[in-house]
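[1] structure for the following, please:
(2 chains)
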Amino acid sequence: MAEPLAAAGNAGAAPAPELLTTADGRPLRAALAKAQTRARRRAFLLVVPLLVFVLLTFLVPIGYMLQRSFQHDGFSSAAPALDAWFAANPKFDPANPPEEAYAALVDDLKRMQGDRTTGIAGTRINYTVPGTVSLFKSGARDAETLTPPFKQGLVATNPRWAEPKIWLAMAAASHNTTPEFYYVAADYKLTDNGWERGAPNERIYLYLFAKTFLVSGIITFICLILAFPVAHLLATLPMSRASLLMILVLLPFWTSLLVRTSAWIALLQEQGVVNNMLVKIGLVADGNRLAMMYNMTGTIVAMTHVLLPFMILPLYSVMRTIPVSYTRAARSLGATSWTTFRRVYLPQTLPGIAAGSLLVFILAVGYYITPALVGGADGQLISNLISFHMAKSNWSLAAALAGMLLVAILVLYWIYDKLIGIDRLKLG
Amino acid sequence: MALPTYASPLERAWYWTYLAICAAIFLFLIAPILIVIPLSFNAEPYFTFTSKMLAFDPTGYSLRWYDTLFTLGHPEPDAVRNQAWWSEAWSSAAWVKAARNSIWVGFWATILATTLGTIAALGLSRPEMPYRRLIMALLISPMIVPVIIVAVGMSFFFAKACVAPDTVWGTLAGPFLSSKGCLANSSLGIILAHAMLGIPFVIITVTATLSGFDQSLSRAAASLGANPRTTFFKVIMPLILPGVISGALFAFVTSFDEVVAVLFIAGPEQQTIPRQMFNGIREQISPAILAVATILVIVSVGLLTAVELLRRRGERLRGVTPR
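    Okay, the predicted model is just below:
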């Protein structure tokens, strides 16, 4: 027994694995490695069914969405003659396309009229040059009667056919894969000189992204301000009373989002409970009721209420672990209560603040239902715009906007994982 | 935080202010949920308290909005309420249909999420699990990634996920798919989507339960001659069951409350309660929504109680002293 033990002590310096063997005579190191591999495989096999499920219901749909944000064959499949011409003449002059390009265009327009694909082809061009669906529809109708020279004939029916940006858009749309939807989602515009950034007052998408982040920041901040005293109270009360008060936090958490949203409508609308109360006690004149619903105020109030438990719970779980003796020590060493709070208590709550704030911010950025129901015209966030474009069948643009939102969320998620760790996420 | 005896008057004043602030925040949290209950008994079609209600005049209150839940969509709402009337309400009243559909979808989504999630959580809690952090991040992400993104992706994917009705797959899966044989507009599509959205909750609750699990118990079972299956069903399962059930309740609530995915991938047949409420709030806002809301509040009180009892039972079983 002494020899193998000595060998085990020297294992790093002089490998002598044959000395350490299992009962059936295999080298121990190999047997251990094999057993560990088997245990790893067994653990992994337990997760495989769920991974397959998540792959099919989560990753593949997101992949489809991303694919849609880069791909659109509405024009290229409807216009084979132009596709071939663009492929043969990649460096044509969009300001003055030759007659053969127009001939290919008229050929394709006739085909579109026959295949009834004008709508889908026009929609594809319409992404980058707005107002072109009707151009394609009328062009396809007129194409039947046109005779060479097609250039003059087509431009005579509508001078827009000579616009360089139409030709630039068609050349780009002849490829199936394109980053153009992201250009549009980043407020770039196709002009006669190529892609240019839109004027500041036309940057609707980036503006809405900025607005979404700003509103989410405001909501996160309000949640933090409201959650801090409540979490502190819950953490310092005796357990029996704290768990009673905890019900007041958990009940909203368990109540349907739509219930809470409709409750806020009942409370805040113009003829709602709060306004009626204010009128009754004379703070507000009857003709001058406060507009708290169907605008940004409504969105912020309702979302704060919905997300507040997500701030209270992480804060509470951190605060409960802070020993009360630290603050007592600080006080006994002569610190004022404000200094004690600022220099002793607050720094210890930072992990909870970070966890709660990031979680609330991430959830707020992607919110859809509450802004859709109580936001009115000006309380809409980026998710609502995605839904709007989905309803308008601008699928590729919706997908590009969703792709941008996804990147933002993944960055935030990564930060959350680095700072707090996903495995420390808790519920209730 | 009790006030120490040496507190100065200023500190006393601050302490009471602090308590008042906390009370106000608790009011903010709970008042909107409680306010829907009296409002749902409104006799008038308003979303606010009428003067009769404020004067506690009995004629200001009524059950008419609860009645609407059975009559909306009923072919003969004013007929005599015999057994035939009620069975008609069961099969054609809009809210009843929505409730049945919601429960049906929620039930299967919960079964799916809980089974897959619990098995995976068992693997994830083993110390030798490879790539644990990465897999965990992936499995939690349906909770983090905005539902609208997944819903957009699903509406593209489910429209393509079809089977031809005359193949073996078509005969097997056909009854669960839409009339075109696709996942889009089908109950199965919604069940899959909701199960996916519920999985993070199951993973979180069950791994949390398993993290307090004493591995020596399963080793003791093994040393006493139990095979892995007996160990699982006789030792592990009873101990983690409270966590599994509360994970299942979370998954059910997630499904029962989910509307974004339903709006994007469901067909007109798959009306659910949240969808009906969403459309009701958007189109014609009536106190019937508040009646549904009241019922849902009562349901959530029940669920909260169940989860809390389960948590305590779980801690007692595992020998964790209540904090």
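[2] CA only for contacts and neighbour counts going forward, please
    OK.
[3] where do the helices sit along the stretch 51-200 of chain A?
    In the stretch 51-200 of chain A, helices defined by DSSP state H, counting those that start in this stretch lie at A:60-70, A:80-88, A:99-115, A:118-128, A:133-143, A:150-157, A:164-173, A:180-185, listed in chain order.
[4] just put those helices in CSV and tack on distance to chain B.
    Formatted as CSV, these follow (distance: least, Cα to the nearest Cα, whole Å):
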stretch, distance to chain B
helix A:60-70, 4
helix A:80-88, 25
helix A:99-115, 22
helix A:118-128, 17
helix A:133-143, 23
helix A:150-157, 37
helix A:164-173, 21
helix A:180-185, 15
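[5] which one of these lies closest to B:L290?
    helix A:60-70 (35.1 Å; Cα to Cα).
[6] before we move on, the earlier item: now the helices of the stretch 51-200 of chain A as TSV including distance to B:K180?
    Below are those laid out as TSV (distance: least, Cα to Cα, whole Å):
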stretch	distance to B:K180
helix A:60-70	19
helix A:80-88	30
helix A:99-115	24
helix A:118-128	23
helix A:133-143	30
helix A:150-157	42
helix A:164-173	31
helix A:180-185	31
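[7] quick one, which of the ones you listed gets closest to B:L29.
    Closest among the helices of the stretch 51-200 of chain A, using Cα to Cα: helix A:60-70, at 34.9 Å.
[8] only alpha carbons, please: show that closest one as CSV.
    Output of helix A:60-70 as CSV, limited to C-alpha atoms (Å, rounded to 0.1, in the frame of the first residue of the first chain):
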residue,chain,number,x,y,z
VAL,A,60,-34.9,28.6,-35.7
PRO,A,61,-37.6,31.3,-35.7
ILE,A,62,-35.1,33.9,-34.8
GLY,A,63,-32.9,32.6,-37.6
TYR,A,64,-35.8,32.9,-40.0
MET,A,65,-36.4,36.5,-38.8
LEU,A,66,-32.7,37.4,-39.3
GLN,A,67,-32.8,35.7,-42.7
ARG,A,68,-35.9,37.8,-43.6
SER,A,69,-34.1,40.9,-42.6
PHE,A,70,-31.4,40.3,-45.2
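[9] so what's the gap between that helix and the chain middle?
    14 Å (Cα atoms, centre = their mean, to the nearest Å).
[10] how many residues are close by B:W95?
    24 (other Cα atoms under 10 Å in any protein chain shown).
[11] quick one: pLDDT of the closest residue in space to it that isn't next to it in sequence?
    In this structure, B:W95 finds its nearest non-sequential neighbour in B:L69, 5.5 Å apart by Cα to Cα, 6 or more residues apart in numbering or on different chains. pLDDT recorded at B:L69 is 87.
[12] isn't B:L69 right up against B:A94?
    Yes. Between B:L69 and B:A94 there is a contact at 7.5 Å, judged by Cα atoms under 8 Å.
[13] what secondary structure does the residue nearest to B:W95 sit in?
    helix (DSSP: H, G, I helix; E, B strand; the rest coil).
[14] that one and chain A, how far apart?
    Going from B:L69 to chain A by Cα to the nearest Cα, to the nearest Å gives 16 Å.
[15] does the residue nearest the centre of chain B count as helix, strand or coil?
    Central residue of chain B (Cα atoms, centre = their mean): B:V253, 0.5 Å from the mean position. Secondary structure assignment for B:V253 (three-state DSSP): helix.
[16] now the helices for the stretch 301-428 of chain A?
    A:324-332, A:337-339, A:346-365, A:369-374, A:382-391, A:395-419.
[17] so which of these is the most packed in?
    helix A:369-374 (a mean of 24; mean count of other Cα atoms under 10 Å in any protein chain shown).
[18] anything in it near chain B?
    Yes. Against chain B, helix A:369-374 shows contacts by Cα under 8 Å from any Cα of the partner chain at A:369, A:373.
[19] can you list contacts of that helix?
    A:261, A:265, A:293-295, A:298-299, A:302-303, A:379-381, A:384, B:259-260, B:278, B:281-282 (Cα atoms under 8 Å, 6 or more residues apart in numbering or on different chains).
[20] how far off centre is that helix?
    The answer for helix A:369-374 is 17 Å, by Cα atoms, centre = their mean.
[21] what does stretch A:100-119 give?
    38 Å.
[22] buried set for it?
    Residues A:101-113, A:117-119 are the ones in stretch A:100-119 that count as buried (16 or more other Cα atoms under 10 Å in any protein chain shown).
[23] kindly report the same for stretch B:272-281.
    Those would be B:272-278, B:280-281, for stretch B:272-281 by 16+ other Cα under 10 Å.
[24] next: stretch B:243-253.
    Here stretch B:243-253 shows B:243-253 as buried, counting by 16+ other Cα under 10 Å.
[25] send the alpha carbons of it over as CSV?
    Extracted in CSV, the C-alpha atoms of stretch B:243-253 (Å, rounded to 0.1, in the frame of the first residue of the first chain):
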residue,chain,number,x,y,z
GLY,B,243,-39.9,23.3,-6.9
VAL,B,244,-41.3,21.5,-9.9
ILE,B,245,-44.8,22.4,-9.1
SER,B,246,-44.1,26.0,-8.6
GLY,B,247,-42.1,26.0,-11.8
ALA,B,248,-45.2,24.5,-13.5
LEU,B,249,-47.4,27.2,-12.0
PHE,B,250,-45.1,29.9,-13.3
ALA,B,251,-45.2,28.2,-16.7
PHE,B,252,-49.0,28.1,-16.6
VAL,B,253,-49.3,31.7,-15.7
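[26] what's in contact with it?
    Everything outside stretch B:243-253 that qualifies as a contact, by Cα under 8 Å, 6+ apart, is A:254, B:106-107, B:109-111, B:113-114, B:118, B:195, B:197-199, B:201-206, B:208-209, B:303, B:307, B:310-311, B:314.
[27] kindly report the same for stretch A:151-170.
    A:75, A:94-99, A:102-103, A:106, A:125, A:128-129, A:135, A:139, A:142-143, A:146-147, A:190-194.
[28] got the end-to-end distance for it?
    End-to-end span of stretch A:151-170 (Cα to Cα, to the nearest Å): 16 Å.
[29] give me the residue from the stretch 201-323 of chain B nearest chain A.
    B:A293 (5.0 Å; Cα to the nearest Cα).
[30] what strand or helix carries that residue?
    helix B:288-317 (DSSP states H and E).
[31] give the buried residues for that helix.
    B:288-294, B:296-297, B:300-301, B:303-304, B:307-308, B:310-311, B:313-315.
[32] next: stretch B:167-184.
    B:170, B:173-174, B:176-178, B:181-184.
[33] with stretch A:125-134 instead?
    A:125-129, A:132-133.
[34] do stretch A:311-328 as well
    For stretch A:311-328, by 16+ other Cα under 10 Å, it's A:311-320, A:327.
[35] and A:P179, how many neighbours?
    A:P179: 12 neighbours (other Cα under 10 Å).
[36] what about it, distance to A:D73?
    From A:P179 to A:D73 the distance is 13 Å (Cα to Cα).
[37] can you check B:H194 too?
    32 Å.
[38] look at the two and report which has more neighbours.
    B:H194 (29 against 16).
[39] mean confidence for the helix or strand harbouring the more buried one?
    According to DSSP H and E, B:H194 maps onto helix B:187-211. For helix B:187-211, the mean per-residue pLDDT is 92.
[40] who's in contact with the next helix or strand after that helix?
    Once helix B:187-211 ends, the next helix or strand along the chain (criterion: DSSP H and E) is helix B:215-223. With contact meaning Cα under 8 Å, 6+ apart, helix B:215-223 is reached by B:228, B:231, B:235-236.
[41] and those residues as TSV, adding pLDDT?
    Below are those laid out as TSV (pLDDT from 0 to 100):
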residue	pLDDT
B:P228	86
B:T231	90
B:V235	88
B:I236	88
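[42] can you select the buried ones from these in ChimeraX?
    The ChimeraX selection below is limited to those of these classed as buried (16+ other Cα under 10 Å):
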select /B:231,235,236
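[43] no more questions from me, cheers.
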